[in-house]
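Chemist: Pasting a predicted model and its sequence here:
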Amino acid sequence: VMARRKIEQSETELLATKKKLEAELEAGKLLQQQKDGFIGMASHELKTPLTSLSAIVQVANLKLKNSEDPFLAGAMERANSQVKRMNNLINGFLNVSRLESGQILIDKSDFDLVTLIDEVIAEHRLTVSSHQFEFEVHEHVVMHADREKIGSVVSNLLSNAVKYSPKSEIVKVKCQIVGEDVQVSVKDGGMGIKADDLTKVFDRYYRVETNHTRHIAGFGIGLYLSAEIVRRHNGKIWVESQSGIGSVFYFSLPLAYLP
Ligand code: ADP
């Protein structure tokens, strides 16, 4: 009788724990939905004034670029680059909310992936003076995919490689065919990611909290969006990393369709 009572008691306890966990999960989901809703609405509202501000700043920047007043010239350039940053952020938030509501469409065309990666690297070379980019490529790869969105995945991995490796200056990009897929990798010698966080970094709003990352700005949406884009192309995205040594982010896309 004692033994049976004990079993019954632990069953009741288990049931209570299960209920509590389920309630917490529901509350978490609700919170996430509220967060998504708020961010979507706020980004939407910010987009219109930001678009006109962006146009004004661009024109002012062009006009004052060669101004005799060095303060004016420099200030307009800085304003321009900050407005661009804000635009990228707002677009990221808008993309998250579009994705949640199923509004992100994949618009496929035929293009050479290597040329696309070259373009993305060139853009980074223009704006990032702290790091060098190396690109190893064996052959050109023509694919049928959403060029702009695949470009944003590469761009995001490059930005992260720079952002999370303040003390290591070389970012290595590789593009190769592996079996039936084309595989792109971005390697940095930065702070790395500890084992527990390796899969979580692709979650929405997830950011690794350490003394090293605390001062680095971000909202944890870049990898989430990248993962969704890759998944919608039936591809895979993953990371290999070691704390303090660096990370390699990979994504692969099926080559099933060759024009
Ligand atoms: P954000 O950089 O805005 O926080 P991301 O979704 O791009 O958002 O990245 C999520 C998290 O993954 C980052 O906050 C960071 O902790 C980690 N991370 C991403 N890329 C790297 C990298 N190359 N090296 C180390 N950590 C990284």
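Modeler: Structure received.

Chemist: ranges for the strands of the stretch 1-150 of the chain?
Modeler: For the stretch 1-150 of the chain, strands defined by DSSP state E, counting those that start in this stretch occupy the ranges 109-112, 132-137, 142-145.

Chemist: any idea how far the residue lying closest to residue 154 once chain neighbours are set aside is from the ligand?
Modeler: Spatial nearest neighbour of residue 154, excluding adjacent residues (C-beta to C-beta, 6 or more residues apart in numbering): residue 120 at 4.6 Å. No exception for glycine: its C-beta is placed from N, CA and C like everyone else's. Using C-beta to the nearest ligand atom, to the nearest Å, we find residue 120 at a distance of 15 Å from the ligand.

Chemist: ok, residue 120 touching residue 148?
Modeler: No: here residue 120 does not reach residue 148: they are 10.9 Å apart, not a contact under C-beta atoms under 8 Å.

Chemist: Which one of the two is surrounded by more residues?
Modeler: Remark: of residue 120 and residue 148, residue 120 carries more neighbours, 23 against 12, as counted by other C-beta atoms under 10 Å.

Chemist: ok, that one - contacts?
Modeler: By C-beta atoms under 8 Å, 6 or more residues apart in numbering, the contact list for residue 120 reads 151, 154, 155, 158.

Chemist: how much distance is there from the helix or strand harbouring the first one to the middle of the chain?
Modeler: Secondary structure here is read from DSSP states H and E; on that basis residue 151 sits in helix 147-163. From the chain centre to the centre of helix 147-163 is a distance of 7 Å (C-alpha atoms, centre = their mean, to the nearest Å).

Chemist: What mean pLDDT does it get?
Modeler: Mean pLDDT, helix 147-163: 96.

Chemist: Can you mark which positions in that helix are buried?
Modeler: Across helix 147-163, burial judged by 16 or more other C-beta atoms under 10 Å covers 147, 149-163.

Chemist: nearest to residue 11, of those residues?
Modeler: residue 160 (47.1 Å; C-beta to C-beta).

Chemist: The residue nearest to that closest one when sequence neighbours are not counted: what's it in contact with?
Modeler: Once flanking residues are discounted, residue 160 sits nearest to residue 222: 6.5 Å by C-beta to C-beta, 6+ apart. Counting by C-beta under 8 Å, 6+ apart, residue 222 touches 92, 156, 159, 160.

Chemist: Same question for residue 194.
Modeler: With C-beta under 8 Å, 6+ apart, residue 194 has these contacts: 208, 243.

Chemist: The residue in the stretch 151-259 of the chain that the ligand sits nearest to: what secondary structure?
Modeler: Going by C-beta to the nearest ligand atom, the ligand is nearest to residue 218 of the stretch 151-259 of the chain, at 2.3 Å. For residue 218, the secondary structure call by DSSP: H, G, I helix; E, B strand; the rest coil comes out as coil.

Chemist: Show the pLDDT at the residue nearest to residue 160.
Modeler: 93.

Chemist: One more: residue 252?
Modeler: So residue 252 comes in at 97 (pLDDT).

Chemist: now it, which residues is it bridged with?
Modeler: residue 183, residue 236 (DSSP bridges).

Chemist: Would you confirm that it contacts residue 236?
Modeler: Yes: look at residue 252 against residue 236 with C-beta under 8 Å: they come within range, at 5.2 Å.

Chemist: near the ligand, which residues of the stretch 101-250 of the chain?
Modeler: 160-161, 164, 188, 190-193, 201, 206-208, 213, 218-224, 247 (C-beta under 6 Å from any ligand atom).

Chemist: just the buried members of these?
Modeler: Buried among these (16+ other C-beta under 10 Å): 160-161, 164, 188, 190-193, 201, 206-208, 221-224, 247.
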